[in-house]
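Enquirer: just need the structure, nothing else, for what follows:
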Amino acid sequence: MKIGKVSEAVLKRSVLNQIHTHREEVLLGASVGEDCAAVAVAGDEMLVMSTDPITGTVQDIGDLAVQITVNDLASAGAEPIGVMLTVLLPERISEQKLRHMMEQAQEACAKVNVQIMGGHTEVTRAVNQPLISVVGVGKAKKGKLVSTAGARPGMDLIVTKWIGIEGTAILAKEKEAELLTRFLPAFVNSAKEFDKMLSVLPEAAIAVKYGVAAMHDVTEGGIFGALWEMAEASGVGLEIDLKQIPIRQETVEICEYFEVNPYELISSGCMLMAAADGNTIVRELLKAGIHAAIVGKATEGNDRVLCAAGERRFLEPPKSDELYKVI
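Expert: This next block holds a predicted model:
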């Protein structure tokens, strides 16, 4: 199989179709496009959980491990509480590098008041570079959970910040020396700074307040993958104007240099939302200094259409992330 997320067909056939035991306490379980699970507890609260591995980069692995998982919890409308880290290390790694990863993780946790609650740390021949797998735990009031499956025909589809910002930052850091042979240092440094925009907690909180129906953090597979997953989870079609999808010039040029598609590039920090009144959410996000744009609508049926320069083509199921072509 190809590197990256398994295909939707494999996921359905060999993973989801093997899950047959269900509990009434589980309010949201495994499904295409869903990043979180939810479990009912006493009173009017739910525990919301998410899990993610960080495999595409090493340089900021501790920071990304926390941010990505916290973003998943925020996308479900939950308040993040803590994370548990499974850290798998190759034999050649030094203790200093391990300490640095944990310092990164702790700094990321401190920014959003999240505790590292435990986990497991092991040196193993099974990996050739550090790998961190994270379990995130959050809480939400019953009835307030926001899922990827909440989009309905006629709803506006919103994209926050810009697509590809995580992938751009990773490429700028991991391939800095190569990029400096083509671009000015100021340009490369600007791209590296995109990693400061990876949290989606602020936009998630605003969107929940103003009636968002569905949210999905745009991660592996990029915006095309996120659009497909939201449409699949919600059982809707799509009508998307490619020109309205926000993208930074740094992303455009770095993707052109490496011959990768920015619309299929890992994009944490960018959120896909669905809402009956997208204009209100966009207006409130802009007031808060968060860039956002309506990029299209959910439609009846199953046609998922991308429109650009008078041409229409169909969106395809998610592929392996473009980052893996370079790193």
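
Enquirer: in this protein, which residue is closest to the centre?
Expert: Among the residues of the chain, the smallest C-alpha distance to the mean C-alpha position (C-alpha atoms, centre = their mean) belongs to residue 219, namely 3.1 Å.

Enquirer: is the closest residue in space to that residue that isn't next to it in sequence in a helix, a strand, or coil?
Expert: Counting by C-beta to C-beta, 6 or more residues apart in numbering, residue 219 lies nearest to residue 268, which is 5.3 Å off, once chain neighbours are set aside. For the C-beta atoms, the positions are set from N, CA and C on the backbone; glycine is no exception. Each residue gets one of three states, and residue 268 gets coil by DSSP: H, G, I helix; E, B strand; the rest coil.

Enquirer: so residue 268 makes contact with residue 71?
Expert: Yes - under the criterion of C-beta atoms under 8 Å, residue 268 lies in contact with residue 71, with a separation of 6.0 Å.

Enquirer: list residues touching both of these two?
Expert: 198, 200, 217 (C-beta atoms under 8 Å, 6 or more residues apart in numbering).

Enquirer: can you say which of those residues are buried?
Expert: The neighbour-count test (16 or more other C-beta atoms under 10 Å) marks 198, 200, 217 as buried among the shared contacts of residue 268 and residue 71.

Enquirer: does the second one really touch residue 269, like I thought?
Expert: In other words, residue 200. Yes - under the contact definition of C-beta under 8 Å, residue 200 touches residue 269, with a separation of 6.4 Å.

Enquirer: spit out the residues that contact these two alike.
Expert: residue 71.

Enquirer: and the contacts of stretch 80-99?
Expert: For stretch 80-99, using C-beta under 8 Å, 6+ apart, the contacting residues are 65-66, 69-70, 73-74, 101-102, 105, 109, 112, 114-139, 201.

Enquirer: ranges for the strands of this protein?
Expert: In the chain, the segments counted as strands under DSSP state E are 26-28, 36-40, 45-54, 79-89, 115-123, 131-141, 156-160, 212-217, 237-241, 271-275, 292-299, 304-308, 311-314.

Enquirer: can you lay out the ones you listed as JSON lines showing distance to residue 176 and mean pLDDT?
Expert: Below are the strands of the chain laid out as JSON lines (distance: least, C-beta to C-beta, whole Å; pLDDT from 0 to 100):
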{"stretch": "strand 26-28", "distance to residue 176": "40", "mean pLDDT": "84"}
{"stretch": "strand 36-40", "distance to residue 176": "34", "mean pLDDT": "85"}
{"stretch": "strand 45-54", "distance to residue 176": "19", "mean pLDDT": "87"}
{"stretch": "strand 79-89", "distance to residue 176": "24", "mean pLDDT": "91"}
{"stretch": "strand 115-123", "distance to residue 176": "28", "mean pLDDT": "90"}
{"stretch": "strand 131-141", "distance to residue 176": "22", "mean pLDDT": "92"}
{"stretch": "strand 156-160", "distance to residue 176": "27", "mean pLDDT": "98"}
{"stretch": "strand 212-217", "distance to residue 176": "26", "mean pLDDT": "96"}
{"stretch": "strand 237-241", "distance to residue 176": "33", "mean pLDDT": "97"}
{"stretch": "strand 271-275", "distance to residue 176": "27", "mean pLDDT": "98"}
{"stretch": "strand 292-299", "distance to residue 176": "30", "mean pLDDT": "98"}
{"stretch": "strand 304-308", "distance to residue 176": "32", "mean pLDDT": "96"}
{"stretch": "strand 311-314", "distance to residue 176": "35", "mean pLDDT": "94"}
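
Enquirer: nearest to residue 257, out of those strands?
Expert: For the strands of the chain, the distance to residue 257 is smallest for strand 304-308, at 22.0 Å, taking C-beta to C-beta.

Enquirer: does anything pack onto that closest one? Which helices or strands?
Expert: For strand 304-308, the packing partners by 3 or more C-beta pairs under 8 Å, 6 or more residues apart in numbering; DSSP states H and E come out as helix 222-234, strand 237-241, strand 311-314.

Enquirer: show me what contacts the residue nearest to residue 219?
Expert: Listed by C-beta under 8 Å, 6+ apart, the contact set of residue 268 reads 64, 67, 68, 71, 165, 166, 198, 200, 217, 218, 219.

Enquirer: the first one touches residue 54, doesn't it?
Expert: This means residue 64. Yes - at 5.1 Å, residue 64 and residue 54 qualify as touching, with contact defined as C-beta under 8 Å.

Enquirer: of those two, which one has the most company?
Expert: Using other C-beta atoms under 10 Å, the more surrounded residue of residue 64 and residue 54 is residue 64, with 27 against 22.
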